[in-house]
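Peer 1: I'd like to go over a predicted model; first the sequence, then the structure.
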Number of protein chains: 2
Amino acid sequence: MKATTIHGTRDIRFGEVADPVLQAPTDAIVKVVAGCICGSDLWPYRGENPITAGDTIGHECVGVVEEVGSDVRDFKAGDFVVVPFDHCDNTCAHCQVGMQSACVNLGMTNSGQGEYARVAQADGSLVATNGTPDAAMLPSLLALSDVMPTGWHAAVAAGVRKGGTVVVVGDGAVGLCGVLAAAQMGAEKVIAMSRHEPRQKIATAFGATHLIAERGKEGAAAVKEITGGVGADAVLECVGTDQSMGTAFAVARPGAMVGFVGVPHGVELPVRRMFQKNVGLAGGMAPVRRYLPELLDLVTSGTINPGLVFDLTLPMADVAEGYAAMDERRAIKVMLQP
Amino acid sequence: MKATTIHGTRDIRFGEVADPVLQAPTDAIVKVVAGCICGSDLWPYRGENPITAGDTIGHECVGVVEEVGSDVRDFKAGDFVVVPFDHCDNTCAHCQVGMQSACVNLGMTNSGQGEYARVAQADGSLVATNGTPDAAMLPSLLALSDVMPTGWHAAVAAGVRKGGTVVVVGDGAVGLCGVLAAAQMGAEKVIAMSRHEPRQKIATAFGATHLIAERGKEGAAAVKEITGGVGADAVLECVGTDQSMGTAFAVARPGAMVGFVGVPHGVELPVRRMFQKNVGLAGGMAPVRRYLPELLDLVTSGTINPGLVFDLTLPMADVAEGYAAMDERRAIKVMLQP
C-alpha cells in the first residue's frame, strides 16, 4: 500500500510500504477513508522526538473495515468505523474504570496517514457509524479518532461544571475542541487564549464567550479581570510546553484543576505553587473509546461539529505539504484523503 | 506571657515574650488550653527552612476565648474553641468554594505553643465546642486544629470513595489521620505504608486493612499484589519528600489521584509519568475551617478519635524535649499544656 513515512527532521514522504496484516485474531484491517495530521506529529517532524527513519506515521483515521480476525465478533468487512488512536480491549480493569488509554492490551494506529491501518483489539476499540456517512460529516467523524476526545478529556480532567468559568490555554485543534467540550458541558464562561484570527473564529463558533490574545502575565491579568480577580474554576492545558503550563497555573483559582492533554515537553511542574494555591493537575493520553459513544451521538445529531478544526484538506499524496502547512501555522489541522 | 520561640537549628526555648494583642476589630485572643508540635515545625527545627531567631512558633491549639475585638459577634470571653491553624473570614470568594486556606484575609496562628494566641478573623475562623470539653476529649479536639483536617483534605483531594482502595504514604500523625479519613469515607481497602510498630497499631485502630513495611520498589510491589496488579484508586501523600511522592505515583492506578498535604521539600513531579498513566495530583494547605463542623461532630459523637496520634504529653515548659522526641522519632506527636 501507499502510506506516509518519516525519514528525518522535516522529511515526510508518501510511498510504498508493506500492507498491514492481521497479527492477532482480535485485529482488524481498516481501509482509510480519511486520515489527518496531529499536533503531536509535529514533535518528531521538528526533530524534537526521536524517530526511526522509514517508519510509518499517523494515528488518526476513519474508514471501512476491510478484513477482521477470527475472534472479532462485532465488526465485519464493509462497516464504517471511527478508529480511536489508542486501541483497547475495553474489558480490562483499567478500561472498566474509563482508562482505556492504559489498557493492558493497548495498541496504537500507526499508518493512519496511509491507505490501510491495522487495529488491535477491534471489538474493544472500534465504534461503527450507522451506515456510510455523508461526506459533509466526514471531518467531524475523523475528529473523533483523537482531537475531539482529547479536548473532551482535558475538560473532564479539569472538572468542568455547569455554570463554571473555564480557561483554555492553546488554540490548536485540541484547544479548540477543549473550548467545544467546555461549552457543551455547560460552562458559563469559556475563555479561549488565542491570538490568531482564524482560530478565534472557530473558538467563538465552538462556544468561547471571551477571547484573550495576550500571553504570559498580560494574559493572566486579562483572565483575572474577567473573573473579578478570582481566576478560573477549571483550566484546560492543550499545548504541553513549560510556558503554557505556567500560564495554566497562573490563571487557575485556588481549588481549581488544570486538565492537561498536550504531551509534556520540557515541563517543570510548580509543585510549591500548586501546594500553596491548592491547584491540582490531572489528565494525560485520552481514553478515546470511553468518550466515543457519547461524542458520536453528539456529532451525528448535529449538536457538535468538531470537524471545523480542519481548515485544509489535501490528497494523501500531498501529505508533506500538509505537515509544512501545520508547522508554519498556515493550517490548523489538515485532513488527508487517499 | 510565656511562649515557645525558635533561635536556630535544634534551638527551641520557652520564655517570656510580648503578650499578643488585638490588632484588628475582627481579632480574638485565645488562652491556650492545649497546643502541640507539628511535623512541619521540624523543618525549621532541623534547619531546612529559614527562620528569624526569637520568633514564636506553633500553629495548632485549642483554648478559651480571652478577649474579642469590637467586630466579633459570634464569640465571647469564656467560649471553648478549636483554632484552625489557617485563619479565614469564611466569606470571600475562595472561602465560599471551600478554599479557606486561600482566604483573601488569610492569617496563621503563631504562638500555639504559648499561653495565648491571636486569631485573625475570629468569626470566620473559630468553631466553638458545646461547653467545656472533658479532659479526655482534649487530644481529639486539638487534632482538629490541623492534623486531622489535613489528613481529611488529603483524602478529599485524592477523591477517596466508598468501596475504593486507598494507599497512605507516610505514617506520621497526618498520614495516620489520612488512614482515619479514608476509613471514615468508606474505603474498602486502606493500605498504610508504615514500618514502625507503634504507628502500625494506630493505623490499624484508625481502620487500616493492610500494613506495608517495605518502602520504594518493594513497597510498590506489595501494593500491586494486594490490588491484583492494578494499583490504588486513591493515594494520600502525607510526607512531602521526593521519595514519598515517587512512591505515591508508583502505587497509583491509571486514572487515580494523589492527594498531597505534606509541604513539598525538594519534590520534582514526574510529569511524563503522570501523563502516561493519567495519574493526577491535588491538594495543598488544608482549608481547616471547611471541614471543622463535620469533624467536630465526628469527634464529639465519639465516631472518630484522632487524639490517639498524641503519644506524649508534656508541660509546655518542656517543649524543647517535645521537639527532640519528635525529631528522633521517639514520639509521633507531642501535646503541650501550659
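Peer 2: Arrived safely. As the structure is a prediction and not an experimental result, all values here were calculated from the model.
Peer 1: check whether stretch A:71-89 comes near chain B.
Peer 2: No: Stretch A:71-89 lies out of reach of chain B by Cβ under 8 Å from any Cβ of the partner chain, never closer than 11.2 Å. Yep, even glycine has a C-beta here, placed from its N, CA and C like the rest.
Peer 1: quote the end-to-end distance of that stretch.
Peer 2: Between the opening and closing residues of stretch A:71-89 lies a distance of 12 Å (Cα to Cα, to the nearest Å).
Peer 1: give the buried residues for it.
Peer 2: A:72, A:75, A:79-89 (16 or more other Cβ atoms under 10 Å in any protein chain shown).
Peer 1: I'd like those residues as CSV, with pLDDT and secondary structure appended.
Peer 2: Compiled in CSV, the buried residues of stretch A:71-89 are given as follows (pLDDT from 0 to 100; DSSP: H, G, I helix; E, B strand; the rest coil):
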residue, pLDDT, secondary structure
A:72, 98, coil
A:75, 98, coil
A:79, 98, coil
A:80, 98, strand
A:81, 98, strand
A:82, 98, strand
A:83, 98, strand
A:84, 98, coil
A:85, 98, coil
A:86, 98, strand
A:87, 98, strand
A:88, 98, coil
A:89, 98, coil
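Peer 1: between the residues you listed, which is nearest residue A:322?
Peer 2: When the buried residues of stretch A:71-89 are ranked by distance to residue A:322 (Cβ to Cβ), residue A:85 comes first, at 17.3 Å.
Peer 1: contacting residues around the closest one?
Peer 2: Counting by Cβ atoms under 8 Å, 6 or more residues apart in numbering or on different chains, residue A:85 makes contact with A:38, A:59, A:60, A:108, A:109, A:112, A:145, A:146, A:288.
Peer 1: what does the residue lying closest to residue A:289 once chain neighbours are set aside show for phi and psi?
Peer 2: Closest residue in space to residue A:289, ignoring its immediate chain neighbours: residue A:100 at 4.4 Å, by Cβ to Cβ, 6 or more residues apart in numbering or on different chains. Dihedral angles phi and psi of residue A:100 (degrees, to the nearest 10) take the values phi -60, psi -20.
Peer 1: might you report the residue contacts of residue A:100?
Peer 2: With contacts defined as Cβ under 8 Å, 6+ apart, the neighbours of residue A:100 are A:84, A:86, A:88, A:90, A:94, A:124, A:287, A:288, A:289, A:290.
Peer 1: nearest the middle, which residue of chain A would you pick?
Peer 2: Most central in chain A under Cα atoms, centre = their mean is residue A:147, positioned 2.1 Å from the mean C-alpha point.
Peer 1: helix, strand or coil: sort out residue A:123 for me.
Peer 2: Recorded secondary structure, residue A:123: helix (DSSP: H, G, I helix; E, B strand; the rest coil).
Peer 1: how much space separates it from residue A:26?
Peer 2: According to Cβ to Cβ, to the nearest Å, residue A:123 stands 7 Å off from residue A:26.
Peer 1: got it, and residue A:79?
Peer 2: Taken as Cβ to Cβ, the spacing of residue A:79 relative to residue A:26 amounts to 16 Å.
Peer 1: try residue A:162
Peer 2: Counting by Cβ to Cβ, the gap from residue A:162 to residue A:26 is 39 Å.
Peer 1: so what sits opposite the nearest residue to residue A:125 once chain neighbours are set aside in the bridge?
Peer 2: With sequence-adjacent residues excluded and distances taken as Cβ to Cβ, 6+ apart, residue A:125 is closest to residue A:87, at 4.2 Å. The residues listed as beta-bridge partners of residue A:87 by DSSP bridges are residue A:107.
Peer 1: would you confirm that residue A:87 contacts residue A:117?
Peer 2: No: under the criterion of Cβ atoms under 8 Å, residue A:87 makes no contact with residue A:117, lying 10.2 Å away.
Peer 1: intersection of neighbour lists for those two?
Peer 2: By the contact definition Cβ under 8 Å, 6+ apart, residue A:87 and residue A:117 are jointly contacted by residue A:109.
Peer 1: can you list the residues of the stretch 151-300 of chain A near chain B?
Peer 2: If contact is defined as Cβ under 8 Å from any Cβ, the residues of the stretch 151-300 of chain A in contact with chain B are A:157, A:228-230, A:253-255, A:257, A:260, A:263-264, A:267-269, A:271-272, A:274-285, A:287.
Peer 1: which among those count as buried?
Peer 2: Taking 16+ other Cβ under 10 Å as the criterion, what is buried in these is A:157, A:230, A:253-255, A:257, A:260, A:263-264, A:267, A:269, A:271, A:274-285, A:287.
Peer 1: in helices, which of these appear?
Peer 2: When helices are assigned by DSSP state H, the members of those inside them are A:157, A:271, A:274, A:275, A:276, A:277.
Peer 1: now the two most distant members of these.
Peer 2: The largest distance within these, taken as Cβ to Cβ, falls between A:157 and A:276 and amounts to 21.4 Å.
Peer 1: gap between residue A:40 and residue A:99?
Peer 2: Counting by Cβ to Cβ, the separation of residue A:40 from residue A:99 is 19 Å.
Peer 1: surely residue A:199 meets residue A:331?
Peer 2: No: assessed by Cβ under 8 Å, residue A:199 is found out of contact with residue A:331, at 10.9 Å.
Peer 1: quick check: the residue nearest to residue A:289 vs residue A:90, distance?
Peer 2: Plainly put, residue A:100 is 6 Å away from residue A:90 if you go by Cβ to Cβ.
Peer 1: mutual contacts of those two, please.
Peer 2: Residues touching both residue A:100 and residue A:90 (Cβ under 8 Å, 6+ apart): A:124, A:289.
Peer 1: for the nearest residue to residue A:308 once chain neighbours are set aside, what are its contacts?
Peer 2: Taking Cβ to Cβ, 6+ apart as the measure, residue A:308 lies nearest to residue A:202, with 5.4 Å between them; neighbours along the chain are not counted. In this structure, residue A:202 makes contact with A:176, A:308, A:309, A:332, judged by Cβ under 8 Å, 6+ apart.
Peer 1: ok, and for whichever strand or helix holds residue A:202, which residues are buried?
Peer 2: Following DSSP states H and E, the helix or strand that holds residue A:202 is helix A:197-205. Residues A:199, A:200, A:202, A:203, A:204 are the ones in helix A:197-205 that count as buried (16+ other Cβ under 10 Å).
Peer 1: contacting residues around the fourth one?
Peer 2: For residue A:203, the contacting residues are A:168, A:171, A:176, A:179, A:192, A:194, A:211, by Cβ under 8 Å, 6+ apart.
Peer 1: what helices or strands is whichever strand or helix holds the fifth one leaning on?
Peer 2: Assigned by DSSP H and E, residue A:192 falls within strand A:189-193. In this structure, strand A:189-193 packs against strand A:165-169, helix A:173-184, helix A:197-205, strand A:210-212, helix A:216-226, with contacts taken as 3 or more Cβ pairs under 8 Å, 6 or more residues apart in numbering or on different chains; DSSP states H and E.
Peer 1: what's the most buried one of the ones you listed?
Peer 2: With neighbours defined by mean count of other Cβ atoms under 10 Å in any protein chain shown, none of the helices and strands packed on strand A:189-193 is more surrounded on average than strand A:165-169, at a mean of 33.
Peer 1: parallel or antiparallel, list what pairs with that one.
Peer 2: strand A:189-193 (parallel), strand A:232-237 (parallel).
Peer 1: which other residues reach the first one?
Peer 2: Outside of strand A:189-193, the residues within contact range by Cβ under 8 Å, 6+ apart are A:164-171, A:175-176, A:179, A:182-183, A:200, A:203-204, A:207-212, A:215, A:219, A:223, A:226-227, A:232, A:247.
Peer 1: give me the residue from the stretch 51-200 of chain A nearest chain B.
Peer 2: Taking Cβ to the nearest Cβ, chain B has its nearest neighbour within the stretch 51-200 of chain A at residue A:102, 3.3 Å off.
Peer 1: thought residue A:94 was touching that residue, still the case?
Peer 2: Yes: the pair residue A:102 and residue A:94 passes the contact test of Cβ under 8 Å, sitting 4.3 Å apart.
Peer 1: now do the shared contacts for these two.
Peer 2: Contact with both residue A:102 and residue A:94 is made by residues B:254, B:255, according to Cβ under 8 Å, 6+ apart.
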